[in-house]
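Peer 1: from the sequence below, what's the structure:
(one chain, ligands or ions: 1)
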Amino acid sequence: MKGFDWGVRRPAASVEDLRAEARRRIPRALFDYVDRGSYGEQTLRANRRDLDRLLLRQRVLVDVSKRQLGTTLLGEPVALPMALAPVGLCGLMHRDGEILACRAAQAAGIPFTLSTLSIGSVEDVAAAVEKPFWFQLYMWRDRGVTRALIERAIAAKCSALVVTVDLQALAQRHADIRNGLTVPPRVTLRNALETALRPGWALGVLRGKRRTFGNLAGLVPEAGDGVNGLTRWSNGQFDPGLGWSDLEWIRGVWPGPLIVKGILDPDDAERAAGAGAAAIVVSNHGGRQLDGTCSSIAALPRVRDRVGDRVELLVDGGIRSGQDVMRGLANGARACMIGRAYVYGLAAGGQAGVARAIRMMGRELDVSMALCGRRRIADIGPDQLMVN
Ligand code: FNR
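Peer 2: Numbers count the residues shown, from 1 in each chain. All right, here's what the predicted structure looks like:
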């Protein structure tokens with residue numbers, strides 16, 4: 001993995017190129033785990049389709065020689081209106097995947113969110129990076145484990161808690177079942193062959209410090225430390241009984257800024273704002289949960305109209321370019337969360353791959369701003385879109 005040189009090996013011009021490289025570098029079952037969505041993938045497709053439909057308004061002969069892409073998120077300066085979304089199992093995409101992605105984000109001046117279901121633990125990442133990062137929390141049925149996770153995020157000096165609320169029941173991804181990515185995993189001839197054909201990936205990941213869920217290992221004695229036991233445990237721990245009072249419970253344990261992730265409906269946004277959320281991520285979990293619901297970019301304007309004056313809004317789902325970031329901002333977001341786009345980069349080229357994904361999207365945003373006659377992020381609003 002070391003010394004992998006983007007420019008020489010395979011020049012990547014876009015996130016789509018990183019995706020193609022990721023497909024070559026990691027086993028098919030893992031690639032599909034990242035790439036695919038739930039059930040018939042209607043919502044996964046809607047995320048992209050609805051972004052593509054938003055046409056940017058070109059403006060000319062505006063002096064755009066001085067452009068600024070920086071803004072603030074939760075009062076902190078960020079270099080780009082972007083943040084890396086929580087993604088489970090990054091440490092299987094590349095050895096030390098979470099640490100590398102966090103370093104790339106921090107070098108680029110944007111927040112990184114560590115998933116509860118990461119391979120590297122919150123302590124592993126905190127020890128390896130220079131600045132605070134965000135921690136994503138799943139509210140487990142077992143409140144003792146949930147509280148322990150929040151306390152560890154506090155001890156690791158995480159700067160925001162991202163509570164994901166769109167997973168009260170676990171949707172199914174057909175591809176994972178067909179690929180044998182189940183508990184226990186089905187060892188198929190194809191999986192064995194795929195691994196054998198990717199020795200670089202296999203050796204890198206196998207030499208990593210951890211091969212299980214770093215945040216859960218040791219917390220649940222009855223599940224053991226292995227990935228199978230912990231997956232079985234966590235699959236049974238997503239809590240259909242969650243309610244708004246649980247957010248209040250979190251508020252009592254977590255003293256810092258709270259971000260609620262996974263809201264599409266303005267009524268829910270209102271409740272989240274009332275429950276003390278500093279920010280909301282308008283999200284359908286990247287088309288991996290409720291299939292048949294709307295794209296997150298389509299849900300955003302109504303959420304903005306309802307709570308945009310009270311909480312900061314982020315959006316994710318299908319964001320693959322700087323133009324998409326601009327669409328997100330035009331529809332009311334302060335920043336966009338990036339999921340698969342950075343994970344493709346991670347699988348393709350480790351920290352350099354993530355840095356590459358962020359840099360490409362930043363440049364695309366910069367050029368698009370110039371061509372739309374916008375100098376500052378704050379200038380991008382609904383009038384940035386063509387009305388058709
Ligand atoms: C996710 N997502 C996610 N969200 C979360 O809150 N906790 C998690 O552990 C995960 N895990 C996860 C794994 C993988 C492989 C993917 C692709 C996504 C959802 C993620 O945070 C984000 O909402 C979506 O990825 C956004 O859509 P795009 O940018 O991937 O299209």
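
Peer 1: C-alpha from now on. contacts and neighbour counts both.
Peer 2: OK.

Peer 1: now residue 332: how far from residue 303?
Peer 2: 8 Å (CA to CA, to the nearest Å).

Peer 1: spatially nearest residue to residue 112 (excluding sequence neighbours)?
Peer 2: residue 84 (4.8 Å; CA to CA, 6 or more residues apart in numbering).

Peer 1: sorry, slip of the keys, the one I care about is residue 308.
Peer 2: residue 332 (7.5 Å).

Peer 1: you'd agree the one you found is in a strand?
Peer 2: No: counting by DSSP: H, G, I helix; E, B strand; the rest coil, residue 332 falls outside a strand, being coil.

Peer 1: isn't it right next to residue 307, touching?
Peer 2: No: judged on CA atoms under 8 Å, residue 332 makes no contact with residue 307 at a distance of 10.5 Å.

Peer 1: where's the residue nearest to residue 308 relative to the ligand, distance?
Peer 2: 17 Å (CA to the nearest ligand atom, to the nearest Å).

Peer 1: contacting residues around that residue?
Peer 2: 300-301, 304, 308, 313, 381-382 (CA atoms under 8 Å, 6 or more residues apart in numbering).

Peer 1: burial measure for the residue nearest to residue 112, as a count.
Peer 2: Residue 84 has 26 neighbouring residues, counting by other CA atoms under 10 Å.

Peer 1: hey, what's it bridged with?
Peer 2: Beta bridges link residue 84 to residue 112, residue 338, judged by DSSP bridges.

Peer 1: how much space between it and the ligand?
Peer 2: Residue 84 is 8 Å from the ligand, by CA to the nearest ligand atom.

Peer 1: and if you look at residue 254?
Peer 2: Taken as CA to the nearest ligand atom, the span from residue 254 to the ligand is 17 Å.

Peer 1: kindly report the same for residue 225.
Peer 2: Distance from residue 225 to the ligand, by CA to the nearest ligand atom: 18 Å.

Peer 1: give the contact list for the residue lying closest to residue 68 once chain neighbours are set aside.
Peer 2: Closest residue in space to residue 68, ignoring its immediate chain neighbours: residue 376 at 5.1 Å, by CA to CA, 6+ apart. Going by CA under 8 Å, 6+ apart, residue 376 touches 67-70.

Peer 1: among those, name the ones in strands.
Peer 2: In strands, judged by DSSP state E, none of the contacts of residue 376 are found.

Peer 1: could I get these as TSV with pLDDT, neighbour count and distance to residue 142?
Peer 2: Below are the contacts of residue 376 laid out as TSV (pLDDT from 0 to 100; neighbours: other CA atoms under 10 Å; distance: CA to CA, whole Å):
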residue	pLDDT	neighbour count	distance to residue 142
67	97	16	49
68	98	16	45
69	98	17	42
70	98	17	40
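
Peer 1: just the residues you listed now: which is nearest residue 328?
Peer 2: Using CA to CA, residue 69 is the member of the contacts of residue 376 that sits closest to residue 328, with 14.4 Å.

Peer 1: just give me the residue closest to the centre of this structure.
Peer 2: residue 85 (2.0 Å; CA atoms, centre = their mean).

Peer 1: make sure that residue is actually in contact with residue 335.
Peer 2: No: using CA under 8 Å, residue 85 is not in contact with residue 335; the gap is 11.4 Å.

Peer 1: ok, back up a step: contacting residues around the residue nearest to residue 112?
Peer 2: With contact set as CA under 8 Å, 6+ apart, residue 84 has these partners: 105, 110-113, 337-339, 342.

Peer 1: check residue 47 too.
Peer 2: Per CA under 8 Å, 6+ apart, neighbours of residue 47: 286-287, 294-297, 317-318.

Peer 1: got any ranges where this protein has weak pLDDT?
Peer 2: Under the criterion pLDDT under 70, the flagged ranges of the chain are 1-10, 388.

Peer 1: now the farthest one out in the protein, which residue is it?
Peer 2: residue 61 (36.7 Å).

Peer 1: so what's the residue count around the closest residue to that residue other than its chain neighbours?
Peer 2: Spatial nearest neighbour of residue 61, chain neighbours left out: residue 373 (7.6 Å); criterion: CA to CA, 6+ apart. When neighbours are counted by other CA under 10 Å, residue 373 registers 22.

Peer 1: for this protein, longest helix please?
Peer 2: helix 340-371 (DSSP state H).

Peer 1: is it anywhere near the ligand?
Peer 2: Yes: using CA under 6 Å from any ligand atom, we find that helix 340-371 touches the ligand at residue 340.

Peer 1: helices or strands up against that helix?
Peer 2: With contacts defined as 3 or more CA pairs under 8 Å, 6 or more residues apart in numbering; DSSP states H and E, helix 340-371 has these neighbours: helix 15-25, helix 28-35, helix 90-93, helix 97-108, helix 322-330.

Peer 1: among the ones you listed, which comes closest to residue 51?
Peer 2: helix 322-330 (6.6 Å).

Peer 1: in three-state terms, label residue 313 for me.
Peer 2: Secondary structure state of residue 313, per three-state DSSP, is strand.
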